[in-house]
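K.L.:
Next comes the sequence, and after it the predicted model I'd like to discuss.
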Amino acid sequence: MTDFSLKSWVESAHNSDFPIQNLPFGIFSTSKKSARAGVAIGNKIVDLLELALNNFIEVEVELLNQDSLNALMELGRPAATKLRNQIQDLLSEDNDQLKDSTHRGSVMVNMSEATMYMPVKVGDYTDFYSSEDHARNVGTMFRDPENALLPNWKHLPVGYHGRASSIVVSPASIHRPKGQTKADDATAPSFGPTRLFDFELEMAFITCKKTKLGESIPVNEAENAIWGMVIFNDLSARDIQKWEYVPLGPFLAKNFGSVISPWVVTMDALEPFRTKGYKQDPKVLPYLKHKKDANFDIHLEVALQPENGQAENICTSNYKYMYWNMNQQLAHQTVNGCNLNVGDIYASGTISGPNENSYGSMLELSWKGTKPIKLSDGSERKFMQDGDTCIMRAHAEKEGVRIGFGESAVKILPAI
Ligand code: MN
């Protein structure tokens, strides 16, 4: 149970993305500290390795002295909950154990002095396509408004296996990718930088369970395998995608870079934001039928910042707009016996809401380039330009407490 009135002795924690009710995990280093596990609070990072070395927490030191959270995650959800509770206790305002300790200086690190890393070593990565508004928009633009959803869409969470090697941590810069494209009126394809460089506003969950090949995770047990969530920007080259994707789906249009936020927000922190999903009609098959509400009310936004300009909000959406929830996605992923690993990433697919300003990609916001987005500096965007920075933010909020994800930011560099 989350206590929304709980306060920390870390002053910057209040009214920040990282109050004492959040405590997301990440991997950081400083000029004096090697890469290791930490927890964010306000504008500070709690050095978990230092905490364990000085016996403030009961975790094997070796699990924290790592450049990824995989080993810690492998302990599973109950161990993570226990550790998070211990840390929360140490940081609460009526506990002076750490606050007044001589170790406080070595444990509490200024975020501004830290470098963040990929929080996990990603073995496998799946991207779903689980927002109905997004699937409907894309189907309407590229096929037929009357039959925008393909016949399978409401029966299974459509997805594809993506490329794990090119998932990078924010802040990132990615060069405009090159590839094959073919204009509708051209007789042959041409090669060059993408002209339709897009973002996709997504969230992703990270698994903490290793399963055997042949094993399936029942939908009502999937939560035990889900450790936490990050923001996920699935950068996409729409012109490359259009030419390559039939018959096997996305390939080079999607695997040149995806950018995640560095802090993994635990499912414990998100628990109070559980909410009902859309009614699923037609009825889903029994293996996808779940008991608990499994959607989450997480506010999402995307800002675009032109080179030397101001960041400007261009999209406001919410994770609750997902038609298929995480538990259903994971049950479907494993129903055929496909095995899971710790640190796998499962992205939601672009999360669009019902309104024009809630569309989670430039493709939809500019409706295939037919309605350019007007920025306050007078310029227009159909897709992203070189020098633009795309910034995604996410937070859940209740009773004045904000469970923030920080941000996923990526700057678009010219093609090389
Ligand atoms: Mn995607």
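P.N.:
Here it is on my side, so go on.
K.L.:
which residue does the stretch 201-350 of the chain bring closest to the ion?
P.N.:
When scored by Cβ to the ion, the stretch 201-350 of the chain has Asp234 as its residue closest to the ion, at 3.5 Å. Placement of C-beta: from N, CA and C, glycine included.
K.L.:
helices or strands up against the longest helix seen in the chain?
P.N.:
Longest helix in the chain, counting residues (DSSP state H): helix 77-91. Other helices and strands packing on helix 77-91, by 3 or more Cβ pairs under 8 Å, 6 or more residues apart in numbering; DSSP states H and E, are strand 36-41, helix 48-53, helix 70-73, strand 226-234, strand 265-266, helix 267-270.
K.L.:
which bits of the stretch 1-150 of the chain sit near the ion?
P.N.:
Within reach of the ion by Cβ under 5 Å from the ion, the stretch 1-150 of the chain has these residues: Asp127.
K.L.:
which residues of the stretch 301-416 of the chain fall in strands?
P.N.:
312-318, 345-347, 373-374, 380-381, 389-398, 401-413 (DSSP state E, counting those that start in this stretch).
K.L.:
quick one on the thing from earlier: for the longest helix of the chain, list every residue counted as buried.
P.N.:
By neighbour count on 16 or more other Cβ atoms under 10 Å, the buried set for helix 77-91 is 77, 79-80, 83-84, 87-91.
K.L.:
Could you report the distance from the nearest residue to Asn224 once chain neighbours are set aside to the ion?
P.N.:
Leaving out its chain neighbours, the residue that sits closest to Asn224 by Cβ to Cβ, 6 or more residues apart in numbering is Arg77, at 5.5 Å. Using Cβ to the ion, to the nearest Å, Arg77 is found at 26 Å from the ion.
K.L.:
my guess is Arg77 meets Glu221, correct?
P.N.:
No - using Cβ atoms under 8 Å, Arg77 is not in contact with Glu221; the gap is 11.1 Å.
K.L.:
residues from the stretch 201-350 of the chain in reach of the ion?
P.N.:
Asp234.
K.L.:
Would you mind listing the residues in contact with Asn295?
P.N.:
The neighbours of Asn295, taking Cβ atoms under 8 Å, 6 or more residues apart in numbering as the test, are 274-277, 319-320, 322, 325.
K.L.:
out of those residues, which are buried?
P.N.:
When the contacts of Asn295 are checked for burial by 16+ other Cβ under 10 Å, the buried set is 277, 319-320, 322, 325.
K.L.:
quick one: contacts for Lys411?
P.N.:
By Cβ under 8 Å, 6+ apart, Lys411 lies in contact with 171-174, 387-389.
K.L.:
how far away is it from Ser258?
P.N.:
Distance, Lys411 to Ser258, by Cβ to Cβ, to the nearest Å: 15 Å.
K.L.:
Please apply the same query to Asp94.
P.N.:
42 Å.
K.L.:
Compare these two (neighbour count), which wins?
P.N.:
Ranked by neighbour count (other Cβ atoms under 10 Å), Asp94 and Ser258 place Ser258 first, with 30 against 9.
K.L.:
wait, isn't the more buried one in contact with Val168?
P.N.:
Yes - here Ser258 reaches Val168: they are 7.3 Å apart, a contact under Cβ under 8 Å.
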